[in-house]
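Undergrad: Take a look and give me a structure for this.
(chains A, B and C)
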Amino acid sequence: MSDLQPRKDLLDIESLSLEEIEYVLNNAVPFKQLFQRSVKKVPTLRGKTVLNLFYEPSTRTSSSFEVAASRLSADVTNFAVGSSSVVKGESLLDTIETLQAMRSDYIVIRHKGAGVPGIVAKHTNASVLNAGDGYHAHPTQALLDAMTFREVCPDYAGKKVVIVGDILHSRVARSTSTLFHKLGIEVGVLGPGSLIPEGRHDFMQRLASWDDVFDWGPDAVYLLRVQLERQEGQFFPGIAEYHKMYGLNSGRLSQMRERGTWLMHPGPVNRGVEVTDEAMGYEKSLISTQVENGIAVRMAVLHWLKPETQQD
Amino acid sequence: MERLFKNASIARADSPELEKADVLVGDDGVIKEVGKDIAGDAVSDCAGCVLVPGMFDLHVHAREPGAEHKETLATCADAALNGGITGLVLMPDTSPPIDTGNLVKSLQDLVFEASPIPMLVAGCLTKRREGEKLAGFSGMANRGVVMLTDSDRTVPCPDLLRRCMEYARDFHLVVTSHCDTPALTKAGAVNEGRVSYQLGLPGIPAISQEIAIDRDIRVAQHTGAKLHLQQISTAHALRAISDAKATGTNVTCEVSPFHLLLSEDDIEDYNTAYKLDPPLRLPTDRDALLKGLLDDTVDAIATNHAPHTEFEKAADFASAPFGVAGLETAVLSLYDRFIKNGVFGWDLLIRKYSVAPREIVGQRPVAIQEGEKANFFVFDPEGETKVDAGYLKTKSHVSPFLGKALAGAIRETVLG
Amino acid sequence: MSTTSEITTEEILTPSGIEEKVAVLADGITNRCGDDDVAFVGVFTRGVTLARRVAEVLKKRGKEYPVGTLDISLYRDDFDRNGPDFPRLESSDIPFAIDGTRAILFDEVIFTGRTIRAALDGLMDYGRPRKIELAVLVDRGHRELPVQPDYVGQTIPTASNQYIQVRFQEDDGKEGVFLVTEFDHE
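TA: Numbers count the residues shown, from 1 in each chain, chains lettered A, B, ... in the order given. Below is the predicted model of the structure:
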C-alpha cells in the first residue's frame, strides 16, 4: 500500500519525500521507453492544458516541458512573456489572476524572483511546476540528473558526485545537490572561493582543486554553466583563468577517462570555458542523456501532480 | 470631564514594581491625584490593568506627503495611539523630502491638522537626500527639526558626512544614520548566510551595516557631533557601539522590536512581511541585541514603522519593498515575549521606549504623576490581541505578526 | 445510518480448472490461427501470465509465439477520477514488430470493455497489426463498450454486487478463480 499523498505542485526538492522521489524516478523509466516507439505519444492528459510561462528566456527547458506535455497529449500554450504586459510592470497578483482565468491545468513557470512559483501555486488551482526561480530551485533538473546518474550507477548510494563552478548563483546546484544528498550520494564542490558561499549546505564538501577532486574520487563530475555576463571580473578575473583553474581541460579529461568518471552538465555548454571541445565527445558524457531524461522526468511529473482544476 | 481610573497598577521607569493606585484625571487633562481610595464620577475600573506612560517612537515613516496610499499622518496617529504610542519622529524621506525650513513648516502644519499626538520632524542631511550637497540646516533648525538624517540612504561620501556633522554640531542637532553600505548590500533581500543560500535570495552581509557603523562612529568621534544609529542588527555592531560609548563618544542607538524578537530562521514561505531593512539576522545576533538592551548598550526601541500596501508587498521577495508596519505591535509583541515571561519589566520598556527616545530628541519624558498631563495607556495583561484588520488602524496590514494572537491588550490611550 | 457489509467468496475454478480453461484457449487459437503470424500481447499483470501460460501449452504442441506485455495505465479513460491513487507504471515490452501480425490481446477477465479499449489504443501505438483478437480467461458480462472476446475460457454471469477474482501463483502466490459477493445490510 502506498503512503503517497496527492501533491498539487512541484516547487522544490526539499519538500519531497524519498517515496515521492522514487515514485517519479521509477515512473520516468517507462515514459522514456515510449521514445523508442514510432508513436511516442500517449493519450493520458488528453484535454488538459499546460501553460508554459517563462519570464527568463530558456529555449531548452521550455521546449523540454513542451515536448513532455505534447507526448502526454496535453495542449500546450506558450505564454509569450516578452510581448505580454508582464514586462510592463504588471504585478504578480494581476498576472496570477489572468492565469487563473485561463483555467490551465498545469502551469510551468520560470522567474527570476525566488519563491515566485510558490506564490503562483498558492493563488491558483492549477498544478505549478517550478522550472527555475532565481537562485532557489530547479526541481525537474534535479530529478533528471538523478535519473541519469541512477541509470549508470544503479547502486548509487554512497557514490560521489563533484559539482564544479558557481555554487552561489546556481539553482541547479542547490536542487541537484539536495536530491543527490537525499539519495545518499556524496556531494563535493569545486570552484573559486567567491562563488562557493559559506551558507551552503553542510553536506557540500569543498574541494580545493582538480587534484583534490581526483584524490576524492568522484563517480561523476557535474559541470555548471559559467554565467559569463554576470561573473567575469566580478567573481573571478577572466575566462582564461577560470578555464585554467576550474575548466575541464584535456589533462583532466584524460584523468577522468582513466578512472571511468561520468560527465554531466545542465547545458547549454560554454565551450572553451567550463569544458574544452574535446570533452564534448567524451564517451562517458551523459549530457545528451540528461536532455532525453529531462523529457521523461517531466512527463512523469505531469502524470504525478494532481491539479485542483477538476473540482470547480 | 473628569475621569477616574480605579484600582490600577502604575508602571514607572525607575522601578520594576507596579504601584497600586487610583488615578484621577481632571477635565483639563492634567492628573489631579494619584493615590488610594479616590472617589469620583466617570470611573473606569482598572483592576488587573497596568497604566503605562505613553511610548515615543524615534523612527516612523508616515508617508505623507507623497505616498498617502501607504499611510497618512492621520492613519499613522490612529495607529500610534492604538499601540500605546503618544509621540514620534517623522522620517524626512517623503515626496518631496523634507530638506528646507519651509518644508518643515508645511509638514508641521499638516501634523497640526491631522494628529492629536506630537509628531516631530526630522530633516534631511543632504538636498533631496541625494548625498551630494548639504541641506538647509539653519532654516530647518529654526523650524524645530529634532534630528537630521537621509533616512535609509547612508551619506555615501565620508567627507560630506564629516561636513554634515561639523555643521550640525553648531545647531546641537543629532545626526541620525541608518547605517548601510550600498556597495555591499546591492540588491540583497535577506541576511547573507545559510538562509539566503537556501532561499536562493541575494544576501545582505552583516558587514554592510557594521562597516557603516564603524565609519559613522569614527566621523562622529572626529567631529564631536551627536550621532544616533538606527536599527542595529548584529552583535558586532553592538560591540562597536559599546566600545565607542566606553571612550566617551556621543552616540546613541536603537533596535526594533522585530530584531529583538525574530531572526532569519523565522522567515517562512517567502513571506515579504519578514523583509526588513536591515534584514533579520542570526539567532545569536537577536540574542545579543536583547542583551544589549538589558545592559544599556542599546539606548532606545524604535519600530521603523514603514507601511506599504499589501499589493506592493505581494510582489516576490526580492522585488518587494523593505519594511512593515510596526507601531501597533511594538508594545504588545514585547509584552508577549519578554515582560509576560519575566525577561524584563515594564520599567525597562518605559526607559527604552518612552524616556530615552524623548531625551534623544530633547523632549521631556512623561510620567504618571500629579500635575502632569495625562499621557498613558491602559494595558490589560489578561487580554489578548489578534493582529488583524479588526485591530489595525494603519493602512498597511503587513506584519510578521499578522493573523497571530499576542498576549495583552491596550484598552485605551489617555491623552491630556 | 450505518451499513455493514458481508463478503462471501466462492471458488469457481480450482487450479486444475484453470489449467483446463487455458487448454481451451490454446485449442481455440490452434483451430483458428493455423499458420498465421501470431503475436501474443498480455495486459499487465495477469493478462501477461495468461498469455505466457497459453504460449507454454502451444509450445508443447510445436507452435512458438512471442509474448509481449502492455501497461495500459497511460491509456485509461479514468485518469481524472483515480483520486489519490498513484499508478506505478510498468514498462510495456513488445520486443518484436507487430506490424502485419495477427495480434492476440490477453486479459484475465473482461467486464465493461474499457480496459480492452485502452489496450487497443496502446497496442496500435506500437504498430499496425493485420488483425487484433482478444482472449480472456473469464467473461463476466456487463459490457459498456462494443468489445467482445474471440476466445473465452469460461463465461460466468455476475450480478452487480459480484465480481470475479483471478489469482495466479506467479502474481499472487495462490491459484484459483473466485466469485466474490458483497451484501449490504442496513
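
Undergrad: wait, isn't B:Ile10 in contact with B:Val34?
TA: Yes - in this structure, B:Ile10 is within contact of B:Val34 by Cβ atoms under 8 Å, at 7.0 Å. For the C-beta atoms, the positions are set from N, CA and C on the backbone; glycine is no exception.

Undergrad: Can you pull the residues that touch both of the two?
TA: Both B:Ile10 and B:Val34 are in contact with B:Ala21, B:Val23, B:Ile368, where contact means Cβ atoms under 8 Å, 6 or more residues apart in numbering or on different chains.

Undergrad: I'd like to know which of those are part of strands.
TA: Among those, the residues falling in strands (DSSP state E) are B:Ala21, B:Val23.

Undergrad: Return the entry from the shared contacts of B:Ile10 and B:Val34 with the maximum number of neighbours.
TA: When neighbours are counted by other Cβ atoms under 10 Å in any protein chain shown, B:Val23 leads those with 26 neighbours.

Undergrad: Now for that one: which residues touch it?
TA: Going by Cβ under 8 Å, 6+ apart, B:Val23 touches B:Leu4, B:Phe5, B:Ala8, B:Ile10, B:Ile31, B:Glu33, B:Val34, B:Ile38, B:Leu51, B:Ile368.

Undergrad: Same question for B:Met165.
TA: By Cβ under 8 Å, 6+ apart, B:Met165 lies in contact with B:Val175, B:Val219, B:Ala220, B:Thr223, B:Ala225, B:Leu227.

Undergrad: Narrow those to those in strands?
TA: Among the contacts of B:Met165, the members found in strands (DSSP E) are B:Val175, B:Leu227.

Undergrad: In CSV, list the contacts of B:Met165 along with distance to chain C.
TA: CSV is the format used below for these (distance: Cβ to the nearest Cβ, whole Å):
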residue, distance to chain C
B:Val175, 63
B:Val219, 65
B:Ala220, 65
B:Thr223, 70
B:Ala225, 68
B:Leu227, 62
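
Undergrad: Adding neighbour count, pLDDT and distance to A:Val42, write the contacts of B:Met165 out as a markdown table.
TA: Output for those, formatted as a markdown table (neighbours: other Cβ atoms under 10 Å in any protein chain shown; pLDDT from 0 to 100; distance: Cβ to Cβ, whole Å):
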| residue | neighbour count | pLDDT | distance to A:Val42 |
| --- | --- | --- | --- |
| B:Val175 | 25 | 98 | 70 |
| B:Val219 | 22 | 97 | 71 |
| B:Ala220 | 24 | 97 | 72 |
| B:Thr223 | 20 | 97 | 76 |
| B:Ala225 | 26 | 96 | 75 |
| B:Leu227 | 24 | 98 | 70 |
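
Undergrad: could I get the contacts of B:Met165 as JSON lines with distance to A:His123?
TA: Output for the contacts of B:Met165, formatted as JSON lines (distance: Cβ to Cβ, whole Å):
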{"residue": "B:Val175", "distance to A:His123": "45"}
{"residue": "B:Val219", "distance to A:His123": "48"}
{"residue": "B:Ala220", "distance to A:His123": "48"}
{"residue": "B:Thr223", "distance to A:His123": "52"}
{"residue": "B:Ala225", "distance to A:His123": "50"}
{"residue": "B:Leu227", "distance to A:His123": "46"}
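
Undergrad: Chain neighbours aside, what residue packs nearest to the residue of chain B found nearest chain C?
TA: Closest to chain C within chain B is B:Asp269: 24.4 Å, counting by Cβ to the nearest Cβ. Leaving aside its sequence neighbours, B:Asp269 sits nearest to A:Gly118 (Cβ to Cβ, 6 or more residues apart in numbering or on different chains; 6.8 Å).

Undergrad: The one you found: which element?
TA: helix A:116-122 (DSSP states H and E).

Undergrad: Dump that helix to CSV, keeping only the CA atoms.
TA: Provided in CSV are the C-alpha atoms of helix A:116-122 (Å, rounded to 0.1, in the frame of the first residue of the first chain):
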residue,chain,number,x,y,z
VAL,A,116,7.5,33.2,-7.3
PRO,A,117,6.3,29.7,-8.3
GLY,A,118,5.2,29.2,-4.7
ILE,A,119,3.2,32.4,-4.7
VAL,A,120,1.5,31.5,-8.0
ALA,A,121,0.8,28.0,-6.6
LYS,A,122,-0.9,29.5,-3.6
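
Undergrad: now for it, which elements pack on it?
TA: helix A:92-102, strand A:106-111, strand A:127-133 (3 or more Cβ pairs under 8 Å, 6 or more residues apart in numbering or on different chains; DSSP states H and E).

Undergrad: which stretch among the ones you listed comes nearest chain B?
TA: helix A:92-102 (5.1 Å).

Undergrad: tell me the centre residue of chain C?
TA: Of all residues in chain C, the one closest to the mean position by Cα atoms, centre = their mean is C:Asp107, 0.9 Å from it.

Undergrad: Pretty sure it sits in a strand.
TA: Yes - applying DSSP: H, G, I helix; E, B strand; the rest coil, one finds C:Asp107 inside a strand.

Undergrad: residue contacts, it?
TA: C:Gly42, C:Val43, C:Arg46, C:Gly47, C:Leu50, C:Thr115, C:Ile116, C:Ala119, C:Leu134, C:Ala135, C:Val136.

Undergrad: Of those, just say which sits nearest to chain B.
TA: Of all those, chain B sits closest to C:Thr115, with 43.1 Å by Cβ to the nearest Cβ.

Undergrad: Isn't that closest one up against C:Asp71?
TA: No - taking contacts as Cβ under 8 Å, C:Thr115 lies outside contact range of C:Asp71: 11.5 Å.

Undergrad: quick revisit: take the contacts of B:Val23 and lay them out in a markdown table including distance to chain C, pLDDT and secondary structure.
TA: Converted to a markdown table, the contacts of B:Val23 look like this (distance: Cβ to the nearest Cβ, whole Å; pLDDT from 0 to 100; DSSP: H, G, I helix; E, B strand; the rest coil):
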| residue | distance to chain C | pLDDT | secondary structure |
| --- | --- | --- | --- |
| B:Leu4 | 63 | 96 | strand |
| B:Phe5 | 60 | 97 | strand |
| B:Ala8 | 58 | 97 | strand |
| B:Ile10 | 60 | 97 | strand |
| B:Ile31 | 67 | 97 | strand |
| B:Glu33 | 70 | 95 | strand |
| B:Val34 | 67 | 96 | strand |
| B:Ile38 | 67 | 93 | coil |
| B:Leu51 | 57 | 98 | strand |
| B:Ile368 | 62 | 97 | coil |
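
Undergrad: After the worst-scoring helix or strand of chain A on mean pLDDT, which helix or strand is next? Please name it.
TA: Lowest mean confidence among the helices and strands of chain A (mean pLDDT, DSSP states H and E): helix A:228-231, at a mean of 71. Next along the chain after helix A:228-231, taking DSSP H and E as the criterion, comes helix A:239-246.
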